[in-house]
Each structure stands twice: as structure tokens, then as C-alpha cells.
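Trainee: here you go, sequence then predicted model.
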Amino acid sequence: MAAEVIPMITTVNPKGQVTIPEPLRERYGFSPGMKVVWLERDGDLIPKPLLSVQQLRGRFKGCELTTLLLEERDRGCKHEDG
């Protein structure tokens with residue numbers, strides 16, 4: 001079942017900045033001062049929090065990293081195939 005899409009409108013200011021609506025900041029972990037990486041995929045812009053080394057430390061502990069990378073690649077291939 002697909003998640004409900006709730007449109008949220010923001011405005012680009014003269015400096016090229018936009019405000020991420022509060023519900024989205026809370027849901028996706030954007031905090032004040034956090035760096036954001038912008039990804040472009042199929043004509044869509046996708047903002048992602050840029051995690052620090054400290055935040056990444058231990059993230060894959062106990063996981064087989066190769067398996068995780070292969071799973072991520074498979075998800076990307078499925079997305080490209082539509």
C-alpha cells in the first residue's frame with residue numbers, strides 16, 4: 001500500500017533558499033544547522049540529511065556490508081526499470 005502524498009508548498013526566496021516544512025523536518029530528521037545533500041533522480045529533487053562521521057559510526061555494525069550494498073543496488077535497478 002502506497003503512502004498518502006500530502007502536498008506542502010514552499011517558496012524559493014531571492015537567495016535560492018527554501019524552508020523545509022516542520023512535519024517533514026521532524027519526520028526525516030532535519031535539524032537546525034544540518035547539512036543537506038540534494039539528489040536528482042528522474043527529474044525529481046530529493047533532499048537527504050548529510051550525516052556526520054559520528055552519526056554514521058556503528059551504523060552497519062553486525063551487518064554484512066556487501067549484502068547491504070547489493071540490496072541497495074537491486075532497489076536502484078528496480079526503480080530504474082519502473
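Mentor: Right, received. Where do you want to start?

Trainee: which residue is nearest the centroid of this protein?
Mentor: In the chain, the C-alpha closest to the average C-alpha coordinate belongs to residue 48, at a distance of 3.1 Å (CA atoms, centre = their mean).

Trainee: name the SS class of it, please.
Mentor: The local conformation at residue 48, judged by DSSP: H, G, I helix; E, B strand; the rest coil, is strand.

Trainee: wait, isn't it in contact with residue 40?
Mentor: No. With contact defined as CB atoms under 8 Å, residue 48 and residue 40 do not form a contacting pair (11.7 Å). All C-beta atoms are positioned from the backbone trio N, CA, C, and that covers glycine.

Trainee: on the three-state scheme, the residue of the chain most remote from its centre is what?
Mentor: Distance to the chain centre peaks in the chain at residue 14, reaching 24.7 Å (criterion: CA atoms, centre = their mean). Applying three-state DSSP to residue 14 yields a three-state assignment of coil.

Trainee: so what pLDDT did it get?
Mentor: Reported pLDDT at residue 14 in the predicted model: 97.
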